[in-house]
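In: Sequence and predicted structure below; questions after.
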Amino acid sequence: MRRTGLTLFEVLIAMFLFLIGVVGVLSAMPVGVRSAQTVILQDAAIHLTRSKFSEFRRDRVNPGVDLVEGSPYMTNWQEPTNANGWHDFAAGPGQTYQYFDSIEQYEWKVDQAELAKPVGLSGAGTPAPPSGFSFPAHGGGTDVGVRKVVVVVRRKSTSQEYRFVQYMTDYGRVAPLDKAP
Amino acid sequence: MKSVRLKAGFTLMEIMVVVAVALTMMTMIVPIFSVTTRTVGTVERRLIIYQRARNIIDQIENDVWMAGVNERGDTFNIKSVTYLDVDQNRAVSPGPDVDPSLPNNPLPPDPVAYRMSRRYASAINVMKHQGGGFRWANGLVMPGSQAFPNSYPEFFINTPEAWKVSIRSTLLYHQFTNYWQDLGYNFSRTQQLEDISRIRLEMTNNAVYMRSTYGGGGGNMHYDQLFHDTEPGYEIKHTGDRWEYWARCSEDPNRLASGLTSANQYYEVQRVSGAISLLDFDVAYWDDASRQFKRPPDGTMVNFAPAPKAVRITVTVADQDKRMLLTLARVIGIANGTGICDDENSSPAFGGTPQLKFQSLPGPVRMDTDPYPYNRAKDLRVVERLIYN
């Protein structure tokens, strides 16, 4: 028997392969969407963390004291902790983040473990600093009041988070931040 | 004899089966493609406007956080003005819109601010200390413009330099200049309200330069005393696109009357960066008493001395087709003082007594007659003659 055409079986196999190709293309699209959403989160996190650092500097906080969870400043002047143990952004009428689209998706906190490590001055190191000079030492040396402040912003209840660092020192606050508003 | 069937192609049945299977597959795949494509498009559109908003706010922050005031309180002010657009193609969120036919209708309720037809066109004018800039670097947008970021050292040795910075919506300042006209951005306020994609953010930097030795200072002025053209009520203007006009962008009438010479024509330079599309530009100041960001009432301006501890910049941007809006805000801290002057006359180190230099005046304030009317909202209609239309 001479066969000059395809059998049904062959066509079905070809279509099956075509289907696999289509599924492959489709499966790549969510990856692109996820990447774009990650960049959007990154963008939002940049705005929000810069704003938080500005708030801390505006209030002239003493980072090693005021930014500790449970401190009068964090209790009275920053947003209360939510069910996740993080802080929502204050977005009610008249509040700072009222006009930030999708603000309800985000939450923030200050990394307490990093905050607990004073950035001290140390005469030790490899190689050792010259006489009369010091190296900065995280969690060691002589505490000069500098803290590594890490603000973490994440999409609520997910592991998608971004961490931003600024070194801060005591501004010598003048506002009575240790009192309730 | 056994017959032999030659197969030269598909049977009708085979064709129908294949077509049916193909149709079924297409019916299943096309909606998935459609939804996925739409999702990708939406996310990409959203990504673009997020990036656009961040670019704008980053630039604003870079200028505003270098703001300072000198001992006379020159200059930190915020203007708050809104207009009603008549653009029928803007994206809107569900909710009651304001009636454009009522010019004095109230602001929309807070939850829909920036979403309806009222466009926020603020301006923030500050004095920025020189962060290092080479005025005559070639290849910048305009001759005499400042490299950005401010990474080139300033090497003129006579005096410190500052910049009068004005960041404003072109909806508020819609004056024409040849420069913008050449670029096709010279839309009037009416044209911008008809098509809000024409609204731009504009940033101008005017150099304050050689002030202690030029124009009457005689070298006796304090290092940070500046001419009165930086005081409240004096506007930072566009003056054209030619260097001789930039050189006379000061509003000092004595200077303008005295004319320019080859020796002083470079003493003031102006840089304009702009063409940044945005719909709303709104500035709120931090009120330490109520611990809230407050927007000056519509149609007013506030001169601050000292500057507020922080401002909040809110921008609304749209994609090119105005199908999607995004409103973002950022808090920007201002490194300010307490208002207590501690110079050689008042510092305990020199036997003096610290004095509070910046004080608000009691009673109603007229911008055009009362001196130093700081820290309160002034009705812009009172100072209409000072508004540069």
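Out: Yep, that arrived. Residues are numbered from 1 along each chain as shown, chains lettered A, B, ... in the order given.
In: which ones are touching residue A:40?
Out: If you count contacts by C-beta atoms under 8 Å, 6 or more residues apart in numbering or on different chains, residue A:40 has them with B:43, B:46-47, B:50. No exception for glycine: its C-beta is placed from N, CA and C like everyone else's.
In: Apply 6 Å and report the result again.
Out: Counting by C-beta atoms under 6 Å, 6 or more residues apart in numbering or on different chains, residue A:40 makes contact with B:47, B:50.
In: Return the residues of chain A in contact with chain B.
Out: A:3-5, A:8, A:11, A:22, A:26, A:29, A:33, A:36, A:39-40, A:43, A:47, A:51, A:54-55, A:57-58, A:93-94, A:96, A:99-101 (C-beta under 6 Å from any C-beta of the partner chain).
In: Buried by neighbour count, from these: which ones?
Out: The neighbour-count test (16 or more other C-beta atoms under 10 Å in any protein chain shown) marks A:11, A:22, A:29, A:33, A:36, A:40, A:43, A:47, A:51, A:54-55, A:57-58, A:96, A:99-101 as buried among the residues of chain A next to chain B.
In: who does the longest helix along chain B touch, helix- and strand-wise?
Out: The single longest helix within chain B, with elements called by DSSP state H, is helix B:12-64. Judged by 3 or more C-beta pairs under 6 Å, 6 or more residues apart in numbering or on different chains; DSSP states H and E, helix B:12-64 is in contact with helix A:8-58, strand B:310-318, strand B:325-333.
In: one more time with 10 Å
Out: Secondary-structure packing of helix B:12-64 (3 or more C-beta pairs under 10 Å, 6 or more residues apart in numbering or on different chains; DSSP states H and E): helix A:8-58, strand B:123-129, strand B:162-169, strand B:200-208, strand B:270-277, strand B:280-287, strand B:310-318, strand B:325-333.
In: and these, which one's lowest on average pLDDT?
Out: Comparing mean pLDDT across those, the lowest value falls on strand B:270-277: a mean of 58.
In: want to throw the helices and strands packed on helix B:12-64 into JSON lines with distance to residue A:130?
Out: JSON lines is the format used below for these (distance: least, C-beta to C-beta, whole Å):
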{"stretch": "helix A:8-58", "distance to residue A:130": "33"}
{"stretch": "strand B:123-129", "distance to residue A:130": "34"}
{"stretch": "strand B:162-169", "distance to residue A:130": "39"}
{"stretch": "strand B:200-208", "distance to residue A:130": "43"}
{"stretch": "strand B:270-277", "distance to residue A:130": "44"}
{"stretch": "strand B:280-287", "distance to residue A:130": "44"}
{"stretch": "strand B:310-318", "distance to residue A:130": "41"}
{"stretch": "strand B:325-333", "distance to residue A:130": "36"}
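In: Go through chain A and flag its longest strand.
Out: The strand that spans the most residues within chain A, counting by DSSP state E, is strand A:142-155.
In: and after it, which helix or strand comes next?
Out: Per DSSP states H and E, the first helix or strand lying C-terminal to strand A:142-155 is strand A:161-168.
In: one step back: now the longest helix of chain B against strand B:310-318, angle please.
Out: For helix B:12-64 against strand B:310-318, the angle by axes from the mean of the first three to the mean of the last three C-alpha atoms, to 10 degrees is 150 degrees.
In: Settle this for me: residue B:314 is touching residue A:100, isn't it.
Out: Yes: using C-beta atoms under 10 Å, residue B:314 is in contact with residue A:100, at 8.4 Å.
In: Could you name every residue contacting both of these two?
Out: B:327-330 (C-beta atoms under 10 Å, 6 or more residues apart in numbering or on different chains).
In: Now neighbour count and distance to residue A:145 too, for those, in TSV please.
Out: Below are the shared contacts of residue B:314 and residue A:100 laid out as TSV (neighbours: other C-beta atoms under 10 Å in any protein chain shown; distance: C-beta to C-beta, whole Å):
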residue	neighbour count	distance to residue A:145
B:327	22	38
B:328	26	34
B:329	24	31
B:330	25	27
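In: which among these are in contact with chain A?
Out: B:327-330 (C-beta under 10 Å from any C-beta of the partner chain).
In: Low-confidence stretches in chain A?
Out: Applying pLDDT under 70 to chain A picks out residues A:1-5, A:171-181.
In: can you check chain B too?
Out: B:1-8, B:68-74, B:91-112, B:129-163, B:175-186, B:205-275, B:305, B:336-389.
In: So for residue B:118, what's the nearest residue that isn't a sequence neighbour?
Out: residue B:82 (5.0 Å; C-beta to C-beta, 6 or more residues apart in numbering or on different chains).
In: What distance do you get for that neighbour to residue B:171?
Out: Noted for residue B:82: a distance of 9 Å to residue B:171, by C-beta to C-beta, to the nearest Å.
In: anything in contact with each of those two?
Out: In contact with both residue B:82 and residue B:171: B:119-122, B:280, using C-beta under 10 Å, 6+ apart.
In: Which ones among those also lie next to chain A?
Out: Okay, of the shared contacts of residue B:82 and residue B:171 touching chain A (C-beta under 10 Å from any C-beta), that's residue B:280.
In: can you redo the shared contacts of residue B:82 and residue B:171 as JSON lines with distance to residue A:127 and neighbour count?
Out: Shown next, in JSON lines, are those (distance: C-beta to C-beta, whole Å; neighbours: other C-beta atoms under 10 Å in any protein chain shown):
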{"residue": "B:119", "distance to residue A:127": "61", "neighbour count": "26"}
{"residue": "B:120", "distance to residue A:127": "57", "neighbour count": "26"}
{"residue": "B:121", "distance to residue A:127": "59", "neighbour count": "24"}
{"residue": "B:122", "distance to residue A:127": "54", "neighbour count": "24"}
{"residue": "B:280", "distance to residue A:127": "56", "neighbour count": "25"}
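In: what's the most distant pair in the shared contacts of residue B:82 and residue B:171?
Out: B:119 and B:122 (10.5 Å; C-beta to C-beta).
In: Need the overlap of contacts for these two.
Out: Common neighbours of residue B:119 and residue B:122 (C-beta under 10 Å, 6+ apart) are B:81-82, B:169, B:171-172, B:280-282.
In: Now that we have those residues, can you turn them into a markdown table and tack on distance to residue A:63?
Out: Listed next are the shared contacts of residue B:119 and residue B:122 as a markdown table, based on distance: C-beta to C-beta, whole Å:
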| residue | distance to residue A:63 |
| --- | --- |
| B:81 | 39 |
| B:82 | 39 |
| B:169 | 36 |
| B:171 | 41 |
| B:172 | 39 |
| B:280 | 34 |
| B:281 | 32 |
| B:282 | 30 |
